[in-house]
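Asks: I'd like to go over a predicted model; first the sequence, then the structure.
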Amino acid sequence: MSVTEYERSTTHSRNPLAQLSHRARRKEAIRLIRCYLPDTGALLDFGCAGGELLRDVGRACPSARLYGLDPFSSPGEGYRHIRSPADCDGLVFDVIAAFEVLEHVSEAATADFFSLVRKRLAPRGVCIVSAPIMLGPVLLAKLAHARLAGGSALHYSARESLQAAFMLRSPLRLPPNRAGTLRHKGFDWRASRALIESQFNIAVETFTPLPWLWWGFNSQWFCLFYPKNAKHG
């Protein structure tokens, strides 16, 4: 099995801590999908990149119908590739997932994603998102990794790093790059959570890779939610 460039920087990273974090994230994503995706249900991976997650879901749920939405990637094997939310017209999904996406998109794009969830989620369907934690002591480990591997974490000043790590105070966000993508600096998962809670019912929350510890010692936040008017028993 070939390893993609994305996997070389995440689940196959040479940094053992980064590898632990990303493998735990992938494992938790698969676990949640398996819990809530019916055997022949439909899954949409919003921001599917090269289809790495969908490849693993296909192994875990071989009868599921898989879709991947990403305007910047090429179609992969084992799933139907979608380039924009408009191409979802007529489709209904049992699970809509957006892993490591919210930190990269604008407020307008986030609103469009939530609109897609409300329109295209099955009556008893769920949405599952994950996002990086860029606050608390874990940030120091991420910044140390960034010094070796590069990344937007390099844009933190010493003062910003200390304030975010110990005072839980996020710095200002960087402007988007040429493709309109935001970087990790200044992302606050708590703001995303508050936005979700204002519009949806949150059913499950967890953190990885150490869910029994305070969130500031974890790398990712997971949130499972569904529309307020949905009938979940």
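Replies: Nice, thanks for sending it over.

Asks: and the residue nearest the centre of the chain, what is it in contact with?
Replies: The geometric centre of the chain, computed from its C-alpha atoms, lies nearest to residue 99 (CA atoms, centre = their mean), at 1.9 Å. Applying CB atoms under 8 Å, 6 or more residues apart in numbering, we find residue 99 in contact with 25, 29, 45, 47, 53, 128, 129, 130. Using the backbone N, CA and C atoms, a C-beta is placed for each residue, glycine as well.

Asks: And the pLDDT at it?
Replies: pLDDT for residue 99: 97.

Asks: Out of the contacts of residue 99, which comes closest to residue 231?
Replies: residue 128 (18.8 Å; CB to CB).

Asks: picking up where we left off before, can you tell me which of the contacts of residue 99 are in helices?
Replies: Filtering these for membership in helices, criterion DSSP state H, returns 25, 29, 53.

Asks: Which helix or strand lies directly C-terminal to the longest strand that the chain contains?
Replies: Longest among the strand segments of the chain by residue count, using DSSP state E, is strand 121-132. Downstream of strand 121-132, the next assigned helix or strand under DSSP states H and E is helix 138-149.

Asks: Would you mark the buried spots in that following helix?
Replies: 138, 139, 141, 142, 143, 145, 146 (16 or more other CB atoms under 10 Å).

Asks: Can you name every helix or strand that the helix or strand just after that helix contacts?
Replies: Where DSSP H and E defines the elements, the next helix or strand beyond helix 138-149 is helix 158-166. Helix 158-166 is packed against helix 138-149, with contacts defined by 3 or more CB pairs under 8 Å, 6 or more residues apart in numbering; DSSP states H and E.

Asks: what's the neighbour count on residue 180?
Replies: Residues contacting residue 180 under the criterion other CB atoms under 10 Å number 10.

Asks: Find the residue ranges of the protein scoring beneath the pLDDT cut-off.
Replies: For the chain, applying pLDDT under 70 flags the ranges 1-18, 148-154, 233.

Asks: need the helices for this structure, in chain order.
Replies: Using DSSP H, helices in the chain cover 5-8, 16-36, 52-60, 107-120, 138-149, 158-166, 189-199.

Asks: For residue 217, find the nearest of these.
Replies: helix 138-149 (5.8 Å).

Asks: about what we covered before: ok, which of the helices of the chain comes nearest residue 219?
Replies: Nearest of the helices of the chain (CB to CB): helix 16-36, 4.1 Å.

Asks: what's in contact with that closest one?
Replies: 9-13, 43, 53, 56-57, 60-61, 94-95, 97, 99-100, 126, 128, 130, 141, 145, 149, 204, 206, 208-209, 219-220, 222, 224.

Asks: Now, of the residues you listed, which are buried?
Replies: Neighbour counting by 16+ other CB under 10 Å classes 9-11, 13, 43, 53, 56-57, 61, 94-95, 97, 99-100, 126, 128, 130, 141, 145, 206, 208-209, 219-220, 222, 224 among the contacts of helix 16-36 as buried.

Asks: Can you show me the CA trace of stretch 113-130 as PDB?
Replies: Below are the C-alpha coordinates for stretch 113-130, written out as PDB (Å, rounded to 0.1, in the frame of the first residue of the first chain):
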ATOM      1  CA  PHE A 113     -21.100  23.600   5.600                       C
ATOM      2  CA  PHE A 114     -23.700  23.800   8.300                       C
ATOM      3  CA  SER A 115     -26.400  24.600   5.700                       C
ATOM      4  CA  LEU A 116     -25.300  21.400   3.800                       C
ATOM      5  CA  VAL A 117     -25.600  19.400   7.100                       C
ATOM      6  CA  ARG A 118     -29.200  20.600   7.600                       C
ATOM      7  CA  LYS A 119     -30.300  20.000   4.000                       C
ATOM      8  CA  ARG A 120     -28.500  16.700   3.300                       C
ATOM      9  CA  LEU A 121     -28.500  14.800   6.500                       C
ATOM     10  CA  ALA A 122     -30.900  11.800   6.800                       C
ATOM     11  CA  PRO A 123     -33.700  12.200   9.400                       C
ATOM     12  CA  ARG A 124     -31.700  10.200  12.000                       C
ATOM     13  CA  GLY A 125     -28.300  11.100  10.600                       C
ATOM     14  CA  VAL A 126     -25.400  12.700  12.400                       C
ATOM     15  CA  CYS A 127     -22.500  15.000  11.600                       C
ATOM     16  CA  ILE A 128     -19.100  14.300  13.100                       C
ATOM     17  CA  VAL A 129     -16.300  16.900  13.100                       C
ATOM     18  CA  SER A 130     -12.800  17.100  14.500                       C
END
